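S.K.: quick one: sequence and predicted model below, then my questions.
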Amino acid sequence: MSGVVLLAAPNTRAQYYAQALAEAGLNLRGAVLMGDAARHGEPRAEGPPPWPDAPLFFADLRIPLAATCAQIADEVVHAQVTSVNCPEVVSALASLNPALVVYAGYGGQIVGQEVLGLGVPLLHLHAGRLPEYRGSTTIYYSILLEGACAVSAILLSAGIDLGPIVARRDYPAPLPGVDVDKCYDNAIRADLLVRCLEQWLRTGRFDEEAQTPGAGRTYYIIHPVLKRVALDSLRGDPPRAASPDEGR
């Protein structure tokens, strides 16, 4: 894919994105790997989750991110810093002359003008339907309120989940026992990523939908008790009383 660059921290989301692209036969112009270079060469888990005949692609987290990037990217650049807004990241991105950047950076960071100032669209996959579900851990709130999940693809802006929407897709709730944080959340994001990049390949553009200021709701990191209730609901269990240690 001419001009597409992956910007990645050493996390499971980046592993999912890279392996999903490899599975789909999509190659990258380059990859910028943030943080300690050695961590990108480490496996992060024992293998795929227990979901026979899964409707989605699940990454094998035993395969290091660096190995997959070497397979799918023309050039891999290491920026051994942990903030997306460091000059080293800006310089690394600029050196690859990207037309589009896929963002899989560190959680909780807001991309600032240092990167946005490059004038390159940054594609981010958000695990919630926008604008209804902004903020953090929205996959759990969606499971609680709707018994289902969704992903929205947006182009990053200075606000939190406020950039133009380029795609949305609904997904069923995961089976009981599937790791939501490490596996399912990343699998549905990677699925929509592949669909978005296949469109980019065909047309060289996205159909952008501006978000209405003030629409929707912003959620915050889910309380452990509510998270437990959401996971119990996947098994059809009724809400239970919290243990004394939960939520501390």
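M.R.: Perfect, thanks for sending it.
S.K.: what about this structure, any weak spots by pLDDT?
M.R.: Applying pLDDT under 70 to the chain flags the ranges 1, 46-50, 237-248.
S.K.: ranges for the strands of it?
M.R.: 4-8, 28-34, 73-79, 100-104, 122-126, 133-135, 148-155, 165-172, 217-219 (DSSP state E).
S.K.: make a markdown table from these and add mean neighbour count to it.
M.R.: (C-beta placed from N, C-alpha, C; glycine too.) Output for the strands of the chain, formatted as a markdown table (neighbours: other C-beta atoms under 10 Å):
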| stretch | mean neighbour count |
| --- | --- |
| strand 4-8 | 26 |
| strand 28-34 | 26 |
| strand 73-79 | 18 |
| strand 100-104 | 25 |
| strand 122-126 | 23 |
| strand 133-135 | 21 |
| strand 148-155 | 22 |
| strand 165-172 | 17 |
| strand 217-219 | 14 |
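S.K.: which one of those lies closest to D207?
M.R.: When these are compared by C-beta to C-beta, strand 165-172 sits nearest D207, at 6.5 Å.
S.K.: the closest one packs against which elements?
M.R.: With contacts taken as 3 or more C-beta pairs under 8 Å, 6 or more residues apart in numbering; DSSP states H and E, strand 165-172 sits against strand 148-155, helix 185-203.
S.K.: just want the angle from it to helix 185-203.
M.R.: Here strand 165-172 points in a direction 140 degrees away from that of helix 185-203 (axes from the mean of the first three to the mean of the last three C-alpha atoms, to 10 degrees).
S.K.: who's in contact with strand 165-172?
M.R.: Contact with strand 165-172 is made by 55-56, 123, 129-130, 148-155, 188, 191-192, 195-196, 199, 206-209, 211, as judged by C-beta atoms under 8 Å, 6 or more residues apart in numbering.
S.K.: again, 7 Å this time
M.R.: 129-130, 148-155, 188, 192, 195-196, 206-209, 211 (C-beta atoms under 7 Å, 6 or more residues apart in numbering).
S.K.: next one: stretch 51-64
M.R.: For stretch 51-64, the surrounding residues in contact (C-beta under 7 Å, 6+ apart) are 12, 15-16, 19-20, 23, 40-49, 175, 178, 183, 187-188, 190-191.
S.K.: swap in stretch 200-216?
M.R.: By C-beta under 7 Å, 6+ apart, stretch 200-216 touches 1, 100, 130-132, 134, 155, 162, 164-166, 199.
S.K.: closest one to V229 out of those residues, please.
M.R.: Closest to V229, out of all of these and judged by C-beta to C-beta, is E132, at 19.8 Å.
S.K.: state the distance from the spatially closest residue to the closest one that is not a sequence neighbour to G135.
M.R.: Nearest residue to E132, sequence neighbours excluded (C-beta to C-beta, 6 or more residues apart in numbering): G216, at 4.9 Å. When C-beta to C-beta, to the nearest Å is applied, the distance between G216 and G135 equals 9 Å.
S.K.: for I110, state which of the contacts of stretch 200-216 is nearest.
M.R.: L162 (11.0 Å).
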